[in-house]
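Visitor: Sequence and predicted structure are below.
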Amino acid sequence: RNNHTKKCLAKDDGTVLFISQHREYKKKDRKDFELMYNSEVKVLKFLSGWCANNHKTLRIAGVWPESHPKRPKEVNFFASILASSIYDLVPRSSPFSSYQLVDAAELVVFIDSTLGIEALARGKKAACFSCRGKDLGDLENVFGWPADLPQNGPFWTNEQNDQQFQRIMDFINSISERDFQQVWEQYAPIIMDYDPGNTKIADLLDRLLD
């Protein structure tokens with residue numbers, strides 16, 4: 001899907017897009033839900049302050065469409081974290097609308113969303129705060145797994161650490177798109193490449209079916 005979605009040229013400078021991974025939970029699973037989404041709480045509280053200090057607009061790419069019955073729970077979830085902050089929770093409007101939000105944003109932030117990795121592959125300046133594994137005790141829930149990467153890199157951290165968050169946000173905010181792309185290209189071959197039109201798999205299928 002990422003390779004079949006053309007890049008959107010429209011830009012919304014000054015926008016930081018956080019990628020929602022909200023899912024519904026049952027009452028009996030409340031403790032598990034809080035443990036799962038503790039990272040969202042920590043990351044978003046830091047991010048809202050960083051955006052305010054750097055004169056950026058915080059936008060959230062929602063999971064659910066406006067009319068979906070699960071949408072109100074997603075709205076309430078982010079409102080409980082960002083009650084005193086200004087932000088915009090954008091509902092999903094089509095299967096490809098999230099890619100359009102990613103392309104338009106100046107900066108992208110995610111925890112362990114596949115869309116976040118796809119944003120990197122699309123050439124976006126993105127920060128990965130892959131710190132959910134710390135709460136879940138999951139040593140494999142780290143950036144780039146199964147690649148053997150350090151806990152902290154130029155644009156990622158596996159730690160719940162505001163100093164690391166600050167370092168990374170300042171880095172992706174100040175670096176040029178061209179220079180960031182050069183940094184990302186060091187990791188793209190082992191994480192995710194961008195192949196518009198899926199030409200590589202199409203070529204492979206042609207050769208296998210020839």
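Guide: Looks like it arrived, so ask away.

Visitor: Name the residues of stretch 154-165 that are buried.
Guide: Phe155, Trp156, Thr157, Asn158, Gln160, Asn161, Gln164, Phe165 (16 or more other Cβ atoms under 10 Å). C-beta: built from backbone N, CA, C; applies to glycine.

Visitor: Then stretch 42-58?
Guide: Going by 16+ other Cβ under 10 Å, stretch 42-58 has these buried residues: Lys42, Val43, Leu44, Phe46, Leu47, Ser48, Trp50, Cys51, Lys56, Thr57, Leu58.

Visitor: Touching stretch 146-156 from outside, list them.
Guide: Residues outside stretch 146-156 that contact it (Cβ atoms under 8 Å, 6 or more residues apart in numbering) are 120, 125-130, 140, 142-144, 157-159, 164, 168, 171-172, 180, 183-184, 187, 190-191.

Visitor: Name the nearest residue to the most centrally placed residue in the chain, ignoring sequence neighbours.
Guide: What sits nearest the mean C-alpha location of the chain, by Cα atoms, centre = their mean, is Phe110, with 2.6 Å. Distances taken as Cβ to Cβ, 6 or more residues apart in numbering put Gly116 closest to Phe110, at 2.9 Å, once the chain neighbours are dropped.

Visitor: what does Gly144 give?
Guide: Nearest to Gly144 is Ile191, by Cβ to Cβ, 6+ apart, at 5.4 Å.

Visitor: got the contact list for the one you found?
Guide: The contact partners of Ile191, by Cβ under 8 Å, 6+ apart, come to Ile117, Leu120, Ala121, Gly144, Ala147.

Visitor: ok, it to Ile172 distance?
Guide: 16 Å (Cβ to Cβ, to the nearest Å).

Visitor: Tell me the secondary structure at the nearest residue to Lys124 once chain neighbours are set aside.
Guide: Spatially, and ignoring its direct neighbours in sequence, Lys124 is nearest to Val108 (5.0 Å; Cβ to Cβ, 6+ apart). Look at Val108: counting by DSSP: H, G, I helix; E, B strand; the rest coil, its state is strand.

Visitor: who does Val108 bridge with?
Guide: Residues in a beta bridge with Val108, per DSSP bridges, are Leu17, Ala126.

Visitor: thinking it is in contact with Ala126, fair?
Guide: Yes: assessed by Cβ atoms under 8 Å, Val108 is found in contact with Ala126 at 4.0 Å.

Visitor: The one helix or strand in the chain whose mean pLDDT sits lowest: which residues count as buried?
Guide: Lowest mean confidence among the helices and strands of the chain (mean pLDDT, DSSP states H and E): helix 30-36, at a mean of 75. Neighbour counts over helix 30-36 (16+ other Cβ under 10 Å) mark Phe33, Met36 as buried.
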